[in-house]
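In: Sequence and predicted structure are below.
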Amino acid sequence: MSENNQQRDVFDAIADPTRRRLIELLAEVEELPLHELTAQFQMGRTAVSKHLTILKEAGLVLDRKVGRETRFRLNASPLREIQDWVAFYSKFWSANMLRLHQLLEEEEE
């Protein structure tokens, strides 16, 4: 990534349904060319490229040139941040649900 590009927030990158779908498609294969990715959407190549750029800025997508073709692949490691965040709140809700269950049992007695 060039010095002019700032690292994009992973949460921001996955906020859009189109980008989440791109991640899903890339998770299913080793890599895909832009034209095959574009064929999966009802939007033009430029729009898909813009979504891929956002994913690249977040470190979620890597690309490489093969002749005149650009091929994309998933780099899932930045998703660890999201997994850790969700895991924290999963523990939070589990603890709260346990407390609620205990309170309800106390009220029944």
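Out: On my side now, so go ahead.
In: Which strand or helix spans Arg71?
Out: Assigned by DSSP states H and E, Arg71 falls within strand 69-74.
In: Quick check: mean pLDDT of that strand?
Out: The average of the pLDDT scores along strand 69-74 is 97.
In: Over to stretch 28-36?
Out: Per-residue scores along stretch 28-36 average to 96.
In: I'd like the distance between the nearest residue to Glu30 once chain neighbours are set aside and Val61.
Out: Closest residue to Glu30 apart from its sequence neighbours, by Cβ to Cβ, 6 or more residues apart in numbering: Arg73 at 6.3 Å. Heads up, the C-betas are built off the backbone N, CA and C, glycines and all. Plainly put, Arg73 is 7 Å away from Val61 if you go by Cβ to Cβ, to the nearest Å.
In: Name the residue in the two with the higher neighbour count.
Out: Comparing Arg73 with Val61 by neighbour count (other Cβ atoms under 10 Å), the higher total belongs to Val61, at 23 against 14.
In: Quick one: residues contacting the closest residue to the more buried one other than its chain neighbours.
Out: Leaving aside its sequence neighbours, Val61 sits nearest to Leu55 (Cβ to Cβ, 6+ apart; 4.0 Å). Leu55 makes contacts with 13, 19, 22-23, 61, as judged by Cβ atoms under 8 Å, 6 or more residues apart in numbering.
In: who touches both of Arg73 and Val61?
Out: Common contact partners of Arg73 and Val61 (Cβ under 8 Å, 6+ apart): Leu26.
In: Determine the set of other helices and strands touching the helix ranked longest in the chain.
Out: Using DSSP state H to define each element, the chain has its longest helix at helix 79-108. Applying 3 or more Cβ pairs under 8 Å, 6 or more residues apart in numbering; DSSP states H and E, we find helix 79-108 packed against helix 10-14.
In: Give the next helix or strand downstream of the helix it packs on.
Out: helix 17-27.
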